[in-house]
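**Q** just the structure for this:
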Amino acid sequence: MKYDIIGDIHGCYAELLELFSMLGYEKRQGRYVHPKGRQLVFVGDAMDRGPDSLAVLRLLFEMQEDRTLYYCPGNHCNKLYRFFKGNRVQLTHGLETTVNEWHRLPKKEQQQFRSRYLRFYEDLPLYLELEGGLVVAHAGIKADMLGKPLSKSIAAFVLYGDTTGKIDAYGRPVRRDWAKSYKAEKWVVYGHTPTEEPYIINNTANIDTGCVFGGCLTAFRYPEKTTVSVPSFQPYQPERFHKFI
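**A** This is a model prediction of the structure:
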């Protein structure tokens, strides 16, 4: 199997369709398929911050119903799940944009969408292990975590990355560069931390190139290990991009 792994979408539906086209996917009977049988995979965080979160999610719902969805949840997915479950969460860091979209639906559609999202999230694997030695996890995963029983520490790492407990000048968690010390044959493809260019090191690839912040939406093609990107339609926010040292 050959895969096209797509980075954090964050509600950038128009850019997602552009990327599908660039990758060679065609819409047939309402579904996006590749003439050579390639499979779409997503690193999570489909929603929040961008203009069309519900459209992206509806597309993913359809793929899940067709049993063609390869998607692992991110921290934004988890937060929306907790919101729809009725937990007290802060409407910040982009969640407010998705919730505002949802509130604009008629009441009946709101409830239908909420129920569908809960089922969507509860059916997702925490991370994906695919053919050909490919692993996809939202914020990454260490080699010694692979194959182990799921735990709170593994879940936290996969959703939030290797956090230090400190906060930077912009109020974001400070994260360690776990990929620098990754040593395994399996490739880990992830997102979560926006960078100007894909960050590829030691059989790992961070493909969150900050589409929602005016960067690009990027796909990592596997097993070719090449990238394809389309430019964002969103305003450029240079302070949002992380620089690995």
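
**Q** can you tell me which helix in this protein is longest?
**A** Looking across the chain with DSSP state H, the single longest helix is helix 107-122.

**Q** mind listing what's buried in it?
**A** By neighbour count on 16 or more other CB atoms under 10 Å, the buried set for helix 107-122 is 113, 114, 116, 117, 120, 121. (Glycine included, C-beta is placed from N, CA and C.)

**Q** which residues are in contact with the second one?
**A** Spelled out, that is residue 114. 84, 102 (CB atoms under 8 Å, 6 or more residues apart in numbering).

**Q** if we can go back for a sec, of the buried residues of helix 107-122, which is the nearest to residue 146?
**A** Of all those, residue 121 has the smallest distance to residue 146: 22.6 Å, by CB to CB.

**Q** which residues does the nearest residue to that closest one once chain neighbours are set aside contact?
**A** What sits nearest to residue 121 in space, not counting adjacent residues and going by CB to CB, 6 or more residues apart in numbering, is residue 81, at 4.4 Å. Residue 81 makes contact with 73, 117, 118, 121 under the criterion CB under 8 Å, 6+ apart.

**Q** swap the cut-off to 10 Å and go again
**A** 73, 87, 89, 117, 118, 120, 121, 122, 124 (CB atoms under 10 Å, 6 or more residues apart in numbering).

**Q** checking my notes, the first one in a helix, right?
**A** No - the assignment for residue 73, made by DSSP: H, G, I helix; E, B strand; the rest coil, is coil rather than a helix.

**Q** still on that earlier bit, in TSV, list the buried residues of helix 107-122 along with pLDDT and distance to residue 48.
**A** Compiled in TSV, those are given as follows (pLDDT from 0 to 100; distance: CB to CB, whole Å):
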residue	pLDDT	distance to residue 48
113	98	15
114	98	16
116	98	17
117	98	13
120	98	15
121	98	14
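
**Q** pick the one among those closest to residue 154.
**A** residue 121 (17.6 Å).

**Q** so the closest one sits right up against residue 72, yeah?
**A** No - using CB atoms under 10 Å as the test, residue 121 is too far from residue 72 to be in contact (11.1 Å).

**Q** and residue 144, how many neighbours does it have?
**A** Residues near residue 144, counting by other CB atoms under 10 Å, number 9.

**Q** going forward, begin numbering at 54 instead of 1
**A** That works, and once the first residue is 54, the last one we named lands at residue 197.

**Q** nearest residue to the middle of this structure?
**A** Centroid-nearest residue in the chain: residue 97, 2.2 Å away (criterion: CA atoms, centre = their mean).

**Q** which SS state does the residue nearest to residue 174 fall under?
**A** Classification of residue 134 by three-state DSSP places it in helix.

**Q** and it, what's its pLDDT?
**A** As predicted, residue 134 sits at a pLDDT of 98.

**Q** from residue 142, how far off is it?
**A** Counting by CB to CB, to the nearest Å, the gap from residue 134 to residue 142 is 10 Å.

**Q** likewise for residue 87?
**A** Distance of residue 87 to residue 142, computed by CB to CB: 37 Å.

**Q** repeat that for residue 293.
**A** For residue 293, the distance to residue 142 equals 22 Å [CB to CB].

**Q** cool, and residue 297?
**A** Applying CB to CB to residue 297 and residue 142 gives a distance of 30 Å.

**Q** how about residue 57?
**A** Applying CB to CB to residue 57 and residue 142 gives a distance of 32 Å.

**Q** ok, now residue 235?
**A** For residue 235 relative to residue 142 (CB to CB), the value is 31 Å.

**Q** residues touching the closest residue to residue 270 other than its chain neighbours, list them.
**A** Excluding the flanking residues, the one nearest residue 270 by CB to CB, 6+ apart is residue 264, at 4.0 Å. Counting by CB under 10 Å, 6+ apart, residue 264 touches 59-65, 68-69, 72, 102-103, 247, 270-271, 282-287.

**Q** nice, that's everything, thank you.
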